[in-house]
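Chemist: Predicted structure and sequence below. I'll ask about it afterward.
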Amino acid sequence: MSRKTIETKYLELIAANLEMVTAEINDLSRLQKLLNAKISNNWPPPLNDEESMSYFKKFIEENPDGLGWGMWYFIRIQPDESGRMAVGNGGFKGIPSEDGIVEIGYSILPEFQKKGYATEAVNGLLKWAFLHPQINRVIAETLPELHPSIRVMEKNGFVFVGEGVEKGVIRYELSREHFEKTKI
């Protein structure tokens, strides 16, 4: 199976392939081996469930050339005795649209929140996405009460644009032009 990674200061982001997603659904000990990282008993991160795992499994099956446009695992890299640990996941909700738009999402396990991992992971994913010339804009949606999620978006240059697709959800976006100007 192919493997795609992004290195950031404290994280390694690993694009989920079919073997990984299948292991996440059926055998977390197998996923630990595939990621070469410990996985908390609290796995999966908030707002991830069987439905979302099945969505990404189906996406990978239907888009074998779409590696990277689905889910990524966020692995904290520690040089000390605590070693590598899966702290969350996120990524894109499918291949870019014809007009160059892709949606991003992310989630961090509660015990690793408020440590900058989400901001760092999103920044790594944005840099990867904007390496692809067809990407013009990255969007993200969240609930208005999820202030830490909103802060992650703002730290990465996203701007509020209004209501999201679902009732009660708000949308933020980041254009290529703004991303390249700010060099976040």
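Modeler: Happy to help now that I have it. Residues are numbered from 1 along each chain as shown.

Chemist: Which strands or helices does the helix or strand hosting residue 52 pack on?
Modeler: Assessed by DSSP states H and E, residue 52 sits inside helix 50-62. Helix 50-62 is packed against helix 18-26, with contacts defined by 3 or more C-beta pairs under 8 Å, 6 or more residues apart in numbering; DSSP states H and E. Using the backbone N, CA and C atoms, a C-beta is placed for each residue, glycine as well.

Chemist: Report the angle between the helix it packs on and helix 50-62.
Modeler: Here helix 18-26 points in a direction 160 degrees away from that of helix 50-62 (axes from the mean of the first three to the mean of the last three C-alpha atoms, to 10 degrees).

Chemist: Of all residues in the chain, which one is nearest the centre?
Modeler: Geometric centre of the chain, nearest residue: residue 90, 2.1 Å, by C-alpha atoms, centre = their mean.

Chemist: any idea how far it is from residue 74?
Modeler: 7 Å (C-beta to C-beta, to the nearest Å).

Chemist: again with residue 130
Modeler: Applying C-beta to C-beta, one obtains 19 Å for the distance of residue 130 from residue 74.

Chemist: Comparing the two, which shows the higher neighbour count?
Modeler: Neighbours were counted for residue 130 and for residue 74 using other C-beta atoms under 10 Å; residue 74 has more, 32 against 17.

Chemist: beta partners of the more buried one?
Modeler: Here residue 74 sits in beta bridges with residue 13, residue 88, going by DSSP bridges.

Chemist: mind saving the C-alpha coords of stretch 29-42 as CSV?
Modeler: Coordinates of each C-alpha in stretch 29-42 appear next as CSV, following Å, rounded to 0.1, in the frame of the first residue of the first chain:
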residue,chain,number,x,y,z
SER,A,29,-3.7,-2.9,17.7
ARG,A,30,-3.2,-3.4,13.9
LEU,A,31,-3.6,0.3,13.4
GLN,A,32,-1.0,1.0,16.0
LYS,A,33,1.5,-1.2,14.1
LEU,A,34,0.6,0.4,10.8
LEU,A,35,1.1,3.9,12.2
ASN,A,36,4.1,2.9,14.4
ALA,A,37,2.4,4.9,17.2
LYS,A,38,0.5,4.3,20.4
ILE,A,39,-3.3,4.8,20.3
SER,A,40,-5.2,6.0,23.4
ASN,A,41,-8.0,4.0,24.9
ASN,A,42,-10.1,7.1,24.2
